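Trainee: take this sequence and fold it.
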Amino acid sequence: MLLEILTPEKKLFSGNVQGVQLPGVDGLFEILDKHAPLVSALGIGNVKVLQKGASSETYAIQGGFVEVMDNKATVLVEGVL
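Mentor: A predicted model of the protein is given here:
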């Protein structure tokens with residue numbers, strides 16, 4: 001799955017990943033490869049990028065939105081903590 005994490009100022013991450021864990025307004029949720037189309041609001045918390053293998057990256061965000069379509073997840077964040 002292609003993942004892009006964008007702020008108003010810059011692109012934080014872009015690449016192929018196994019999945020991503022996101023802080024939804026009602027709690028954490030994960031998006032994995034070939035997920036169904038989705039649009040969701042995000043709250044304050046950590047975005048955990050699940051790389052293929054054992055490595056992962058984490059970004060602390062102030063909130064935003066995620067859109068999933070055609071095996072691509074675009075995370076638009078208001079700001080990074």
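Trainee: only C-alpha atoms from now on, for both contacts and neighbour counts.
Mentor: Will do.
Trainee: what pairs with Met69 across the strands?
Mentor: Met69 has the following beta-bridge partners by DSSP bridges: Lys72.
Trainee: for it, which residues are in contact?
Mentor: Ala36, Pro37, Leu38 (C-alpha atoms under 8 Å, 6 or more residues apart in numbering).
Trainee: from these, which land in strands?
Mentor: Leu38 (DSSP state E).
Trainee: make a markdown table out of the contacts of Met69 and add pLDDT, distance to Lys10 and neighbour count.
Mentor: Listed next are these as a markdown table, based on pLDDT from 0 to 100; distance: C-alpha to C-alpha, whole Å; neighbours: other C-alpha atoms under 10 Å:
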| residue | pLDDT | distance to Lys10 | neighbour count |
| --- | --- | --- | --- |
| Ala36 | 96 | 27 | 11 |
| Pro37 | 97 | 25 | 12 |
| Leu38 | 96 | 23 | 11 |
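Trainee: nearest to Gly79, of the contacts of Met69?
Mentor: Leu38 (21.5 Å; C-alpha to C-alpha).
Trainee: and the residue nearest to Val17 when sequence neighbours are not counted, what's its pLDDT?
Mentor: Excluding the flanking residues, the one nearest Val17 by C-alpha to C-alpha, 6 or more residues apart in numbering is Gln51, at 4.9 Å. If you check Gln51, the pLDDT there is 90.
Trainee: how close does Gln51 sit to Gly15?
Mentor: 9 Å (C-alpha to C-alpha, to the nearest Å).
Trainee: who has more neighbours, these two?
Mentor: Between Gln51 and Gly15, Gln51 has the larger neighbour count (other C-alpha atoms under 10 Å), namely 15 against 11.
Trainee: identify the residues contacting that one.
Mentor: Asn16, Val17, Gln18, Gly19, Glu57.
Trainee: just the buried ones from these, in ChimeraX syntax?
Mentor: Only the buried entries of the contacts of Gln51 go into this ChimeraX selection, using 16 or more other C-alpha atoms under 10 Å:
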select :17,18,19
